[in-house]
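Trainee: Fold the following for me, if possible:
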Amino acid sequence: MKGLIKYDLMQIYSGVKGGFILLYLIVMAFLSVINNSGHAFSYMMVFIFTLFGISAFSYEESFHWDRYTAALPVSNRQIVLARYGMVGICIAAGMVVGFLLGLISMISGTMDIALSDWGLSLIQCLAITLLYMEIMMPIMYRFGTEHGRIIMLMLFIVFFSIVCVLGAFAYVWEHMITVYSLTLALAIIAIVLFPVSVIASVRIRAKKEF
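Mentor: This is a model prediction of the structure:
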């Protein structure tokens, strides 16, 4: 499984280009300094890195990697779990980058919300991106890159909008109990849905012919 995860990460790195990622992060850091709501860019990075992870399906189809994995001495379940692990690594990287951009915004004085509210919003991003991954993975296995890409972008807009709505509630103190409850609910749903998503992906991939 480690080899499969490493291969996916290498394909994403070579496809997106490391220099582009570095330049992109520099631009985001610069915007975090000059924008009046610089902390908002920290949320974006969690979703962007999640999209990087899911884009591995594109490279899989382009290089016919699915045919090679079908001949490897690994089970279908291991192949699917490796892909989930790889996307999980991308989400973790997005959280780290988002945290660093948030610190840059705080130090530069462009964070216009309380530090606790920003931390809560970042946790919400984590829960929502996990849900996004758990929904998208079976969809990508079922429909492939061509049709799945459209759904991926539509869900991206929907889920990122949810983050914005929750963030807006956090500005008002009387809504904080509701926000904490929603955050906890999102986390519980993400935990419960994970095995369901994995089982669905394994079954969908098992029915495919390579």
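Trainee: From here on, just use CA atoms for contacts and neighbour counts.
Mentor: Noted.
Trainee: In contact with residue 102, which residues?
Mentor: Shown in contact with residue 102 (Cα atoms under 8 Å, 6 or more residues apart in numbering): 32, 38, 39, 41, 42, 111.
Trainee: And for the second one, the neighbour number?
Mentor: Counted with other Cα atoms under 10 Å, the burial measure for residue 38 works out to 25 neighbours.
Trainee: Now name the helix or strand holding it.
Mentor: Secondary-structure element containing residue 38, defined by DSSP states H and E: none, the residue being outside all helices and strands.
Trainee: I'd like to know which of the contacts of residue 102 is nearest to residue 132.
Mentor: Sorting the contacts of residue 102 by how near they are to residue 132, with Cα to Cα, puts residue 42 at the top with 17.5 Å.
Trainee: Give the helix, strand or coil label for residue 110.
Mentor: Using DSSP: H, G, I helix; E, B strand; the rest coil as the criterion, the local structure at residue 110 reads coil.
Trainee: residue boundaries of the helices in the protein?
Mentor: Applying DSSP state H to the chain gives helices spanning 2-16, 18-34, 40-54, 56-62, 65-71, 76-108, 115-170, 176-206.
Trainee: ok, back up a step: between the contacts of residue 102, which sits nearest residue 87?
Mentor: Nearest to residue 87 among the contacts of residue 102, counting by Cα to Cα, is residue 42 at 18.4 Å.
Trainee: returning to what we had before: deepest in the core, which of the helices of the chain is it.
Mentor: Per-stretch averages of neighbours, counted by mean count of other Cα atoms under 10 Å, single out helix 40-54 among these, with a mean of 23.
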